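1. Generate coordinates for the sequence data below:
(one chain, ligands or ions: 1)
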Amino acid sequence: MVMKTEKMIYLDNSATTQVYPEAAAAATEAFQSVYGNPSSLHGMGIQAEKLVTAARQQVAMLVGARKEEIFFTGCGTESNNWALKGIADAYGAKGRHMITTAIEHPSILETTKYLQQKGWEVDFIAPDEHGVVAASAIIEKVRPDTVLVSMMAVNNETGAIQPMEAVGKGVKEKNPQTFFHVDGVQAVGKIPLALNHLPIDLLSGSGHKIHGPKGIGFLYVAKGVRLIPLLAGGGQEQGWRSGTENVPGIVAMGVAAEKIAGDLQEKQGRMAAIRQGFIEELLAKVPDCVINSPFDDKGAWPIVNASFPGVPSEVLLHYLEDEGIYISAGSACSARKKQYSPVLMAQGLQDDVLASAVRFSFSYETTAEELAYTAEKVSQVVQEVRSFRI
Ligand code: PLP
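-> Okay, the predicted model is just below:
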């Protein structure tokens with residue numbers, strides 16, 4: 001029988017991350033000391049405005065952009081909605097065709113459904129069995145009336161890294177008028193991004209995935225790209241996103257961005273090795289386990305999606321929770337809906353693999369020891385649950 005423990009291993013970092021203490025302290029200062037409205041003309045307003053500007057620079061540095069190209073939003077979901085609807089409204093006269101993939105986050109898929117109802121034609125490109133969408137499959141769909149291509153950089157369920165550079169380049173070669181949006185929510189701070197050197201027009205990011213707070217996000221909009229605002233009002237964010245700025249959230253996201261940017265290459269290399277070790281350990285301990293994420297450098301270090309046929313996802317999740325190990329049975333947004341993951345279904349996986357898929361997701365603080373312990377507990381639980389079923 002698996003025993004209860006006080007240990008806590010948090011492996012649900014793709015759902016959300018713990019706020020860095022430095023980010024929380026910066027937010028507290030903005031809540032309690034620098035609480036002026038950045039639009040106010042007096043000193044307290046100017047102080048708050050300065051904090052917002054510093055945070056814009058910190059976020060810009062993390063993604064290799066200019067600070068004028070960073071617009072703060074309420075979350076990654078808003079950034080994604082705005083990118084699609086804002087481009088559709090600004091450039092809809094040039095055409096009404098978009099391309100995206102079948103494995104996008106609901107904030108993209110639901111927005112494309114909305115646009116379809118408004119008369120837009122949308123192509124959804126399926127991934128291969130490893131969850132990677134071929135750049136050529138997207139590029140070949142580009143037409144003279146294609147206004148936007150939207151693709152995620154890293155899939156939130158499998159960690160599959162999508163070929164954003166090849167897609168951006170190919171799309172622009174075929175139709176220089178087509179805009180390219182990347183949902184970078186699971187990529188920012190996790191894989192190298194140098195936006196000013198990439199053929200990307202728009203990129204969405206979210207504070208709570210990089211150890212900043214929930215309820216703050218940003219949209220990178222390359223110089224020269226025009227967007228119709230989602231929110232009209234007082235004209236904040238250069239008139240592009242009205243609403244009094246969430247100064248504590250912005251400041252905390254800026255501090256988190258600066259911290260996560262430190263030693264990025266070294267951290268990514270270390271975590272890639274730790275992830276690889278975990279996959280090998282799972283396969284050694286549970287030989288019939290199925291790894292639904294790419295094994296090689298097409299798999300981003302923060303995510304391992306794996307199935308243990310015969311052990312339903314929720315059963316493994318709750319057994320591991322009793323052991324102090326927190327994982328996800330799919331993506332957090334769909335975890336409460338009793339249905340198979342559309343992302344994994346798009347990879348063409350079998351029913352028993354779909355029914356037992358779980359996601360382990362890491363932060364730079366995750367250690368090899370924690371993952372060795374997790375692999376050991378997974379194998380114990382799998383043996384125990386399977387023994388009930390024989
Ligand atoms: N895009 C991706 C790929 C995500 O994983 C998420 C959240 O999990 C979002 C967008 C939405 O971000 P937010 O939670 O900030 O709305």
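
2. and the gap between the closest residue to the ligand within the chain and G95?
-> In the chain, the residue found nearest to the ligand is G76; the distance is 2.6 Å by Cβ to the nearest ligand atom. Backbone N, C-alpha and C define where each C-beta goes, glycine included. Using Cβ to Cβ, to the nearest Å, one obtains 27 Å as the distance from G76 to G95.

3. so the residue of the chain closest to the ligand sits right up against Q186, yeah?
-> No. Judged on Cβ atoms under 8 Å, G76 makes no contact with Q186 at a distance of 9.1 Å.

4. Overlap in contacts, the two.
-> Taking Cβ atoms under 8 Å, 6 or more residues apart in numbering as the contact rule, G76 and Q186 both touch K209.

5. When G76 and G95 are compared, which one has more neighbours?
-> Comparing G76 with G95 by other Cβ atoms under 10 Å, the one with more neighbours is G76, at 26 against 18.

6. wait, N292 sits on N305?
-> Yes. The criterion here is Cβ under 8 Å, and N292 meets it with N305 at 4.1 Å.

7. got any residues that touch both of the two?
-> In the contact map built from Cβ under 8 Å, 6+ apart, the residues linked to both N292 and N305 are T158, L344, A357.

8. and the last one, what does it touch?
-> In other words, A357. So A357 contacts N292, N305, A306, S307, S313, A329, G330, S341, L344, L349 (Cβ under 8 Å, 6+ apart).

9. if we can go back for a sec, the more surrounded of N292 and N305?
-> Taking other Cβ under 10 Å, N292 and N305 do not tie; N305 has more neighbours (30 against 27).

10. May I ask which helix or strand encompasses the more buried one?
-> strand 303-307 (DSSP states H and E).

11. Over to V122?
-> Taking DSSP H and E as the criterion, V122 maps to strand 121-125.

12. Give the buried residues for the helix or strand just after that strand.
-> Per DSSP H and E, the first helix or strand lying C-terminal to strand 121-125 is helix 135-139. For helix 135-139, a neighbour-count test (16 or more other Cβ atoms under 10 Å) marks A135, A137, I138, I139 as buried.

13. what's the distance between the first one and N80?
-> Read it as A135. 21 Å.

14. so how far is the strand holding V122 off the chain centroid?
-> Computed by Cα atoms, centre = their mean, to the nearest Å, the chain-centroid distance of strand 121-125 equals 21 Å.

15. CA atoms of that strand as CSV?
-> Extracted C-alpha coordinates of strand 121-125, given in CSV (Å, rounded to 0.1, in the frame of the first residue of the first chain):
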residue,chain,number,x,y,z
GLU,A,121,-12.2,30.9,-43.5
VAL,A,122,-9.7,29.1,-41.2
ASP,A,123,-7.4,26.2,-42.0
PHE,A,124,-6.4,24.0,-39.0
ILE,A,125,-3.2,22.1,-39.6
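
16. What helices and strands are in contact with that strand?
-> On a contact count with 3 or more Cβ pairs under 8 Å, 6 or more residues apart in numbering; DSSP states H and E, strand 121-125 meets strand 97-101, helix 106-117.

17. Can you pull out the low-pLDDT segments for the chain?
-> Residues of the chain that meet the criterion pLDDT under 70 lie in 1-5, 330-338, 390.
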